[in-house]
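Asker: give me a 3D structure for the following:
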Amino acid sequence: MTALFIIIIVLFAAVAIWQMVKIFDLAQVSTDTSNNGIATDYDNKINGYLMLAFLAFIYIITIISFVYWGDLPLMSNAASEHGSEVDNLMMISMIVIFTVQIITQFLLHYFAFKYRGEKGKKALYFADHNTLEAVWTIIPVIVLAGLIIYGLFTWNSIMNIDEDADPMVVELYAQQFGWTARYAGQDNVLGLANVRLIDIDRANVLGIDEADPNAEDDIIVKELHLPVGKPVLFEIRSQDVLHSAYMPHFRAQMNCVPGMITKFGFTPTITTKEMRETPEMIDKVQNINNIRADKSKELMAKGEEELDPYEFHFLLLCNKICGKSHYNMQMNIIVETQEEYDAWIAEQKTFKESLK
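Answerer: From the prediction side, this is the model:
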């Protein structure tokens, strides 16, 4: 708290000094009759070189960021069939953005230097220039249209779920501040559900219609298990506010809207165990555990419990700010072989068995 007060005081002092400097500058302008406050050639020359210096700073900080913090390719750990399509779209967009940024920033800063104000120099002024305006309008239109059309084709290929592939149906149920998954059971058909049917006394936490025969073999769990190579169709509901089901490694995200069912499907391509054994993930886990080990020493010195070692899991996260515990709204996703999945699902109780 003391540090916060010090920061606030320093901030107010800086603002006060800044305001005093502005007042001083205005007073100088009103008393200086030599040039009536108009910038001189020397002022413009200094500003021109400062523009070039700032251009160099932009390029240098961009290169440093790529060298020290860039991970090229930017996205390379997709764990779903469509993930590479999303990554490819992302890379193309980033290449276009960086290309345009490099060119436009150079022109902006170089022109500010080259055409800086000089005594006796008069700017060439065009009231309009149809050719120039057409060029800088048509080129962005073509580029943006290409990105949008390519994005639409990518989105359509992802969202067009092949029903002939017999995808496994799973419901994701969102509520402040947690997730629940419901498997459709042997019939692969989810029972009807409505939040008005929630009955905590009977352990019907999802509002499943107990009279619907399709609901009897539904399976409710708090950890999501998926068989690798098997298409999955998620039907997503929200009990309270707007959430967003976000599974970053699967390049999947869909809003969870109260009062309606949204859908998203994908096919996992790599198991949790295989992902843990990749060199990139091994380095990441090691780095996190090194940080946790240092933090644990500080906690133990204070008589507090040490942190548990980090172990990688695919995660289902909420990507909408849904309340005070939004940051902690997550659920583990275990991708495993078909045999491992079958053994796990066989141990789970059906909805009919779980009712009190």
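
Asker: mind listing what residue 228 touches?
Answerer: 268-271, 335-338 (C-beta atoms under 8 Å, 6 or more residues apart in numbering). Every residue, glycine included, has its C-beta placed from N, CA and C.

Asker: between those residues, which has the most around it?
Answerer: residue 335 (27 neighbours; other C-beta atoms under 10 Å).

Asker: which neighbours does the helix or strand that contains that one have in its sheet, and in what orientation?
Answerer: Per DSSP states H and E: residue 335 is located in strand 330-336. Its sheet considered, strand 330-336 pairs with strand 224-227 (parallel), strand 314-318 (antiparallel) by DSSP bridges.

Asker: buried stuff in the last one?
Answerer: Taking 16 or more other C-beta atoms under 10 Å as the neighbour-count basis, strand 314-318 is seen to contain the buried residues 314, 316-318.

Asker: out of those residues, which is nearest to residue 58?
Answerer: Lowest distance from residue 58 to the buried residues of strand 314-318 (C-beta to C-beta) belongs to residue 317, with 32.9 Å.

Asker: ok, now which ones touch residue 231?
Answerer: Taking C-beta under 8 Å, 6+ apart as the criterion, residue 231 is in contact with 161-162, 165-168, 265-267.

Asker: please redo it, this time with the cut-off set to 10 Å
Answerer: 81, 161-163, 165-168, 265-268 (C-beta atoms under 10 Å, 6 or more residues apart in numbering).

Asker: was I right to think residue 255 contacts residue 237?
Answerer: No - with contact defined as C-beta atoms under 10 Å, residue 255 does not reach residue 237; the gap is 11.1 Å.

Asker: the two - which one has more neighbours?
Answerer: Per other C-beta under 10 Å, whichever of residue 255 and residue 237 has more neighbours is residue 237, with 24 against 17.

Asker: summarise which helices and strands whichever strand or helix holds that one is packed against.
Answerer: Using DSSP H and E, residue 237 maps to strand 232-238. With contacts taken as 3 or more C-beta pairs under 10 Å, 6 or more residues apart in numbering; DSSP states H and E, strand 232-238 sits against strand 168-175, strand 178-183, strand 224-227, strand 243-247, strand 252-256, strand 262-266.

Asker: can you name the residues bridging to residue 237?
Answerer: Residues in beta-bridge contact with residue 237 (DSSP bridges): residue 173.

Asker: pLDDT score assigned to it?
Answerer: Looking at residue 237, its pLDDT is 93.

Asker: for this structure, which spans come out with low pLDDT?
Answerer: For the chain, the stretches with pLDDT under 70 are 1, 4-5, 25-37, 71-75.

Asker: what's the domain layout of it?
Answerer: The chain breaks down into these domains under automatic domain parsing: 39-117+131-160, 164-186+217-274+309-354.

Asker: now the ones you listed as CSV including distance to residue 290?
Answerer: As requested, the domains of the chain are exported to CSV (distance: least, C-beta to C-beta, whole Å):
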stretch, distance to residue 290
domain 39-117+131-160, 18
domain 164-186+217-274+309-354, 10
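
Asker: relative to residue 3, which of those domains is closest?
Answerer: When the domains of the chain are compared by C-beta to C-beta, domain 164-186+217-274+309-354 sits nearest residue 3, at 22.8 Å.

Asker: starting at the chain centroid, how far to whichever strand or helix holds residue 13?
Answerer: Assigned by DSSP H and E, residue 13 belongs to helix 2-31. Computed by C-alpha atoms, centre = their mean, to the nearest Å, the chain-centroid distance of helix 2-31 equals 37 Å.

Asker: with stretch 130-140 instead?
Answerer: The answer for stretch 130-140 is 34 Å, by C-alpha atoms, centre = their mean.

Asker: swap in stretch 79-99?
Answerer: For stretch 79-99, the distance to the chain centre is 14 Å (C-alpha atoms, centre = their mean).

Asker: likewise for stretch 257-270?
Answerer: Counting by C-alpha atoms, centre = their mean, stretch 257-270 comes out at 17 Å from the chain centroid.
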